[in-house]
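Asks: Test case, fold it:
(one chain, ligands or ions: 1)
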Amino acid sequence: MISISNRLEKVTTYIPKGSTIADIGSDHAFLPCYCVKKGIIEKAIAGEVNQGPYQSAYNQVKALGLEDQIEVRLGDGLEVISAQEVSVVVIAGMGGQLISNILERGKDRLPGVDLLILQPNMGARFIREWFEKNNWKLTEESILEEDEKIYEILVAKRTNTPFVFTESEKLLGPLLMKQNNSSFQKKWKRERDNWEKILVQLERALPTDEVSERKEQLKKKINAVSEAIK
Ligand SMILES: C[S@@+](CC[C@H](N)C(=O)[O-])C[C@H]1O[C@@H](n2cnc3c(N)ncnc32)[C@H](O)[C@@H]1O
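Replies: Sure, this is the predicted structure:
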């Protein structure tokens, strides 16, 4: 059996049994290999844009004898799949800005996909913004800590009902705000401490318009976080 991180294991819990998935930015293809071995899925596409990780994914799939179930494809983002080919897209272990960018550029490949499982290492707000603009309803969120790092997982389904997040919801996650667990508290206390340090430095900087604007943005974020973790 292949062992994977708690982070990736948690991602797999959102994959419906029997679905066909695309794991974009698959690196060693640990996630699809684990899912096939565990019987969660029967078919997967592992996408990689870089030659090194593509080769690692290919070697891993071959070593486990899973070539019939997992196809490793070299390409940028969602261009490795065609519309209607998979029902679930997983993108894990990248920044939220890059993930939302991959979704935006690959929109034409999303028909047929009814579930997005995304695990940004930072900047989850870019993904929530993309959901809002593109009518994907955030159905589940989780936050977990592993090796001193804190990760968020966002799961979304299509919706026909437009919605808007508040600024706080976009930043912190509406469902995570409700859960308000210890990892959430830890992440946002850490972020707030950083922003407060930056604010002190900006107080000493020349008071240009840019500096004032940056200070205002930071104060808003600090207030939103303080309200959420009080
Ligand atoms: C840090 S690894 C994450 C691997 C795995 N998904 C995980 O969560 O452990 C990020 C991977 O994404 C790949 N990547 C980055 N941009 C990509 C893109 N536009 N399309 C496909 N893969 C991409 C990188 O080559 C790298 O292997």
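
Asks: which bits of this structure sit near the ligand?
Replies: Contact residues (Cβ under 6 Å from any ligand atom) of the chain with the ligand: 8, 24-27, 47-50, 53, 76-77, 92-94, 102. (Each C-beta comes from the backbone N, C-alpha and C, glycine too.)

Asks: Widest-spaced pair of the residues you listed?
Replies: 8 and 76 (22.0 Å; Cβ to Cβ).

Asks: and these two? which has more neighbours close in?
Replies: In this view residue 8 and residue 76 are compared by other Cβ atoms under 10 Å, and residue 8 has more residues nearby, 21 against 14.

Asks: In a helix, the more buried one, correct?
Replies: Yes: under DSSP: H, G, I helix; E, B strand; the rest coil, residue 8 falls within a helix.

Asks: Identify the residues contacting it.
Replies: Residues near residue 8 by Cβ atoms under 8 Å, 6 or more residues apart in numbering: 30, 31, 34, 92, 119.

Asks: tell me the contacts of the first one?
Replies: Meaning residue 30. By Cβ under 8 Å, 6+ apart, the residues touching residue 30 are 2, 4, 8, 60.

Asks: what about the last one, neighbour count?
Replies: Yep, that's residue 60 we're talking about. 21.

Asks: Am I right that it is in contact with residue 34?
Replies: No: the pair residue 60 and residue 34 fails to qualify as a contact (Cβ atoms under 8 Å) at a distance of 10.4 Å.

Asks: Tell me which residue is most central in the protein.
Replies: residue 119 (2.5 Å; Cα atoms, centre = their mean).

Asks: per-domain residue ranges of the chain.
Replies: Following automatic domain parsing, one gets these domains for the chain: 6-164, 183-229.

Asks: from the chain's centre, how far out does the longest one sit?
Replies: Taking the mean C-alpha point of domain 6-164 and that of its whole chain, the gap between them comes to 8 Å (Cα atoms, centre = their mean, to the nearest Å).

Asks: average model confidence for it?
Replies: For domain 6-164, mean pLDDT rounds to 97.

Asks: still on that earlier bit, out of the contacts of residue 8, give me the two with the largest separation.
Replies: Across the contacts of residue 8, the longest distance by Cβ to Cβ is 14.3 Å; it joins 34 and 119.

Asks: any idea where the helices of this protein begin and end?
Replies: For the chain, the helices defined by DSSP state H cover 6-12, 30-37, 51-63, 96-105, 124-134, 167-172, 174-179, 182-204, 209-229.

Asks: a markdown table please, covering these and showing distance to residue 115.
Replies: Formatted as a markdown table, those follow (distance: least, Cβ to Cβ, whole Å):
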| stretch | distance to residue 115 |
| --- | --- |
| helix 6-12 | 12 |
| helix 30-37 | 14 |
| helix 51-63 | 22 |
| helix 96-105 | 13 |
| helix 124-134 | 13 |
| helix 167-172 | 21 |
| helix 174-179 | 16 |
| helix 182-204 | 23 |
| helix 209-229 | 27 |
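
Asks: Comparing these, which comes out most buried?
Replies: Across the helices of the chain, averaging neighbours per residue (mean count of other Cβ atoms under 10 Å) puts helix 30-37 on top, at a mean of 23.

Asks: ok, residue 181 - contacts?
Replies: Contacts of residue 181 (Cβ under 8 Å, 6+ apart): residue 143.

Asks: if I look at it, how far off is residue 217?
Replies: 27 Å (Cβ to Cβ, to the nearest Å).
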